[in-house]
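Trainee: structure, please.
(one chain, ligands or ions: 2)
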Amino acid sequence: MKKFTCVADIGNLKEAVQEALEVKRDRFAYTHLGKNKTLLMLFFNSSLRTRLSTQKAAMNLGMNVMVLDVNQGAWKLETERGVIMDGDKPEHLLEAIPVMGSYCDIIGIRSFAQFRDKAEDYEERILEQFMRYSGRPVFSMEAATRHPLQSFADLITIEEYKTVARPKVVLTWAPHPKALPQAVPNSFAEWMNAADYDFVITHPEGYELDPQFVGHAKVEYDQRKAFEGADFIYAKNWAAYVDPNYGKVLSTDRSWTVDSEKMALTNNAYFMHCLPVRRNMIVTDDVIESERSLVIPEAANREISATVVLKRLLENL
Ligand code: AN0
Ligand code: CP
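Mentor: Ligands and ions are numbered 1, 2, ... in the order given. All right, here's what the predicted structure looks like:
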């Protein structure tokens, strides 16, 4: 594998899940692969799970790891070409990228959508520049439009817990006070469509996602109807995608919060969320604490998805 930014990069999903389950049985089976290889993890945004699970995955593979929080301690980076740099940013990404590439073998990047300009976000300008100018294989630790390490961990989790070949999986919008990116729902939809589950997306009007990610999913505006017979409920908030409201919060309607009364409409579904989650906005305490909540094993599988991805990138160096 040369890069990992979307579902297509992982190839056959059944093989990827098998590899993940094998890695999970013995996560130290490939410690020789990363000897004297260095991973650079770059964070333009905060993280708990991605930071720790990806670093752990690199250590499982015997790699050395460097972590840089770009906005805390490094020079502020200008990202636009052609700008007269007389403002508060002393360094340009176009120098910083090859410099950083010269110190490492693989680069992971977290860079959220900025909601300044839809085209800039959806063209993945930051990620693309790293791929073009770093000279290193690049993987996404959540970029503007996708969070593939999360979606891969979600797929592994569903495969571990499902009891029918083709489960009904429901992605539901839920309320949140701040504008959040579409990366997690976009990516989840992309992977669920590729896995060919019975996949349904439910959200209030105005929260339609980019059709390239919705694909052949069924969109159901009635959340209760969507929940009927579901085997997995995957909750997530996102800000509006559709113009002229791109990046805006249109609703914080708590009638969309996932609660036990709605979970009772499902086929005893498991509850999933990528975390961090705001309790009693996205999901009630009793649902997230219930026996059917998978949020902890789901987060634990982030170490497994990252180990598989780094293993494959190392094998191709
Ligand atoms: C981020 C998001 O919604 O994309 C990261 C989730 C993994 N969440 C927040 O910023 C709260
Ligand atoms: N799920 C996830 O990516 O969490 P962090 O933002 O804490 O890394």
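Trainee: what mean pLDDT does the helix or strand containing residue 151 get?
Mentor: Following DSSP states H and E, one finds residue 151 within helix 148-161. What helix 148-161 shows for mean pLDDT is 99.
Trainee: helix, strand or coil: sort out the closest residue to residue 216 other than its chain neighbours for me.
Mentor: Distances taken as C-beta to C-beta, 6 or more residues apart in numbering place residue 193 nearest to residue 216, at 6.2 Å, with adjacent residues excluded. C-betas here are computed from N, CA, C, even on glycine. Per DSSP: H, G, I helix; E, B strand; the rest coil, the secondary structure class of residue 193 is helix.
Trainee: sorry, back to before: mind checking if the helix holding residue 151 is in reach of ligand 2?
Mentor: Yes. Helix 148-161 reaches ligand 2 (C-beta under 6 Å from any ligand atom) through residue 150.
Trainee: ligand 2 contacts on the protein?
Mentor: Residues of the chain lying close to ligand 2 by C-beta under 6 Å from any ligand atom are 47-50, 142, 150, 274-276.
Trainee: switch those residues over to a markdown table; also include neighbour count, distance to ligand 1 and secondary structure.
Mentor: Listed next are the residues of the chain next to ligand 2 as a markdown table, based on neighbours: other C-beta atoms under 10 Å; distance: C-beta to the nearest ligand atom, whole Å; DSSP: H, G, I helix; E, B strand; the rest coil:
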| residue | neighbour count | distance to ligand 1 | secondary structure |
| --- | --- | --- | --- |
| 47 | 17 | 8 | coil |
| 48 | 10 | 9 | coil |
| 49 | 20 | 7 | helix |
| 50 | 23 | 7 | helix |
| 142 | 26 | 6 | coil |
| 150 | 27 | 6 | helix |
| 274 | 25 | 5 | coil |
| 275 | 15 | 7 | coil |
| 276 | 11 | 5 | coil |
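Trainee: not counting its neighbours along the chain, what's nearest the residue of the stretch 101-250 of the chain found nearest ligand 2?
Mentor: Using C-beta to the nearest ligand atom, the closest approach of the stretch 101-250 of the chain to ligand 2 is made by residue 150 at 5.3 Å. Leaving aside its chain neighbours, residue 150 sits nearest to residue 274 (5.1 Å; criterion: C-beta to C-beta, 6+ apart).
Trainee: so the one you found touches residue 298, yeah?
Mentor: Yes. If you go by C-beta atoms under 8 Å, residue 274 and residue 298 touch, sitting 7.4 Å apart.
Trainee: any common contacting residues for these two?
Mentor: residue 154 (C-beta atoms under 8 Å, 6 or more residues apart in numbering).
Trainee: restrict stretch 279-295 to CA atoms and write it as PDB.
Mentor: This file holds the C-alpha atoms of stretch 279-295, laid out as PDB (Å, rounded to 0.1, in the frame of the first residue of the first chain):
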ATOM      1  CA  ARG A 279     -23.400  12.700  26.600                       C
ATOM      2  CA  ASN A 280     -27.100  13.600  26.700                       C
ATOM      3  CA  MET A 281     -26.700  15.500  23.500                       C
ATOM      4  CA  ILE A 282     -25.700  12.700  21.100                       C
ATOM      5  CA  VAL A 283     -26.600   9.800  23.400                       C
ATOM      6  CA  THR A 284     -28.100   9.300  26.800                       C
ATOM      7  CA  ASP A 285     -26.100   8.000  29.700                       C
ATOM      8  CA  ASP A 286     -28.100   4.800  29.900                       C
ATOM      9  CA  VAL A 287     -27.600   3.900  26.200                       C
ATOM     10  CA  ILE A 288     -23.800   4.600  26.200                       C
ATOM     11  CA  GLU A 289     -23.400   2.600  29.500                       C
ATOM     12  CA  SER A 290     -25.600  -0.300  28.400                       C
ATOM     13  CA  GLU A 291     -24.400  -3.800  27.600                       C
ATOM     14  CA  ARG A 292     -25.100  -3.100  23.900                       C
ATOM     15  CA  SER A 293     -22.700  -0.100  23.800                       C
ATOM     16  CA  LEU A 294     -19.600  -0.900  21.800                       C
ATOM     17  CA  VAL A 295     -17.800   2.400  22.100                       C
END
